[in-house]
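# What follows is a predicted structure for the sequence shown.
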Amino acid sequence: MSRIGKQPINLPKGVEIKVSGSTINVKGPKGALSRQFNEHVDVKVEGQVLTVVPKSDAIELRRFHGLTRTLLSNMVTGVTEGFSRRLKLVGVGYRAAPQGKGLTMSLGYSHPVLFDAPAGIELKVEAQTTIVVSGADKEMVGQVSAKIRGFRPPEPYHGKGVRYEDEKIATKVGKAAGKK
């Protein structure tokens, strides 16, 4: 049995869970999430405690036990607290501005980069060089953050580009030949 999978998930007040077959719907103050899980795992709701139990002890099916529990825990955290990811724009003239539900970014190209937020994701521009991606779905927040970072990933010589706030960029040393 998985050590992570055995741990129960305590449901905060205001969170509703509906289990129908292998589909689980979680509803809370920050939104509602739905996900289909592997049918070899049972999800049981007993009062304000959620437990995940494998139906079989087969080796190839046990791997879904901890995964299902972690995904459910992320869903409960997402609908109560939400998830967020901060991005920094580093470089001369690199900036972002809100435009409707999306962003307009100047990233050193000859044209502005436009990005529309998908449903369930909120994009905030705190300063011209700081973007906050937030939402209830952890997977979607990470995907959108990675997509924005992919427009101009940090380059290895000066570190210019879009990076996560806590990301450390290992910069390379430039040419040293010819300087006497």
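Cool, the structure landed.

# now the top helix by length along the chain: mean pLDDT?
Ranked by residue count and defined by DSSP state H, the top helix of the chain is helix 59-80. Taken as a whole, helix 59-80 carries a mean pLDDT of 90.

# For it, enumerate the helices and strands it packs against.
Judged by 3 or more Cβ pairs under 8 Å, 6 or more residues apart in numbering; DSSP states H and E, the packing partners of helix 59-80 are helix 3-6, strand 9-10, strand 23-28, strand 31-36, strand 41-46, strand 49-54, helix 138-150. From N, CA and C alone the C-beta is placed, and that goes for glycine too.

# Now do it: distance to the chain's middle.
15 Å (Cα atoms, centre = their mean, to the nearest Å).

# tell me the angle it makes with strand 23-28.
For helix 59-80 against strand 23-28, the angle by axes from the mean of the first three to the mean of the last three Cα atoms, to 10 degrees is 20 degrees.

# Give me the next element, helix or strand, following helix 59-80.
Following helix 59-80 in sequence order, the next helix or strand is strand 83-90 (DSSP states H and E).

# returning to what we had before: any chance you could list what contacts the longest helix of the chain?
Surrounding helix 59-80, the residues in contact under the criterion Cβ atoms under 8 Å, 6 or more residues apart in numbering are 1-5, 7, 9, 11-12, 14-15, 24, 26-33, 35, 37-38, 40-41, 43, 50, 52, 54-55, 83, 135-139.

# one step back: L103 is nearest to which of the helices and strands packed on helix 59-80?
helix 138-150 (7.5 Å; Cβ to Cβ).

# So for that closest one, what gets flagged as buried?
If you call a residue buried by 16 or more other Cβ atoms under 10 Å, then helix 138-150 has these buried ones: K138, M140, V141, V144, S145, I148, R149.

# any idea how far the second one is from A170?
Taken as Cβ to Cβ, to the nearest Å, the spacing of M140 relative to A170 amounts to 29 Å.

# Ok, the first one next?
K138 sits 27 Å away from A170, going by Cβ to Cβ.

# Now do the longest helix of the chain against strand 41-46, angle only.
Using the same axes, to 10 degrees, helix 59-80 lies at 40 degrees relative to strand 41-46.

# how much does helix 59-80 deviate in direction from strand 49-54?
Helix 59-80 and strand 49-54 are oriented at 160 degrees to each other (the same axes, to 10 degrees).

# please begin residue numbering at 234 from this point
Okay, using 234 as the starting number, the last item reads as helix 292-313.
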